[in-house]
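K.L.:
quick one, what's the 3D model for this:
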Amino acid sequence: MLAAASRLASLSTETEATTVDEEFLAELLTSIRWMLNLPVTATPEEIRVELQKVIDAISKGQGTAAASVGLLTLLAQHDEQVASLSANAYDPSKHIALEAFNELQTRYASLSQSSATQEVDGLVTVALSDGRLLPAQEAWAKDYGRKDMAGLKSWLDKAPKIAALSQTQTTTFTPPNPEDQINVASLTAEQLAICSAFGNDPAEVARQLED
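P.N.:
Below you'll find the predicted structure:
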């Protein structure tokens, strides 16, 4: 196309012009103008200048002396590169902003802590009802469970159930002596834990300590 445009631009005599297929050249120039986005009034010289720009861009400034690259092949390569870049482009819809991520982490931690607290409270409530824990041990057990859930579960699994301290008694259950309750309340958490572990009566232990 460049050769044809250059040749047309170099025609200066009526004799040379008559040797050229004018209809073919007209169609060729129309196609080149369309390809280069030039107006229909663009002269052959203007077309040649624009074509030279295309050649320089494709050959990276080396001109027609460089190895030629098919324009269609070059466009196809560019399409493949664009498609590859598009496929690997950052998609905000597939990612989460850092602030939102941090907020989710905070919410998750809060929910996890709340769930753990509820589980500990449930374990302690059951243990209080079946005598594995004394009321004086409630705060200690909850604090222990929040720090080490597995440790609390293991301790409760080994703790004997004291029927006399169970909240679910038969109709023949006799309420504990108020004085015994006062004595039991004076025991430390460690002393109560020992009583629970070895099946000792906390009231009796408290009386012996008082003596």
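K.L.:
rest of the way, CA atoms for contacts and neighbours
P.N.:
Will do.
K.L.:
domains of the chain?
P.N.:
Annotated domains of the chain cover 2-64, 119-210 [automatic domain parsing].
K.L.:
longest helix of the chain?
P.N.:
Longest helix of the chain, by residue count under DSSP state H: helix 98-129.
K.L.:
quick one: the following helix or strand past that one to helix 98-129, angle?
P.N.:
Scanning forward in sequence from helix 98-129 by DSSP states H and E, the next helix or strand is helix 138-147. Relative orientation of helix 138-147 versus helix 98-129 (axes from the mean of the first three to the mean of the last three Cα atoms, to 10 degrees): 140 degrees.
K.L.:
can you tell me, leaving aside adjacent residues, what's nearest to Arg132?
P.N.:
Spatial nearest neighbour of Arg132, chain neighbours left out: Lys161 (4.7 Å); criterion: Cα to Cα, 6 or more residues apart in numbering.
K.L.:
need the contact list for that neighbour.
P.N.:
Lys161 makes contact with Asp130, Gly131, Arg132, Ser196, Gly199, according to Cα atoms under 8 Å, 6 or more residues apart in numbering.
K.L.:
and of those, the nearest to Arg146?
P.N.:
Nearest to Arg146 among these: Arg132, at 18.2 Å, using Cα to Cα.
K.L.:
ok so, going back, what comes up buried for the longest helix of the chain?
P.N.:
For helix 98-129, burial by neighbour count (16 or more other Cα atoms under 10 Å) applies to Ala116, Thr117, Glu119, Val120, Asp121, Leu123, Val124, Ala127, Leu128, Ser129.
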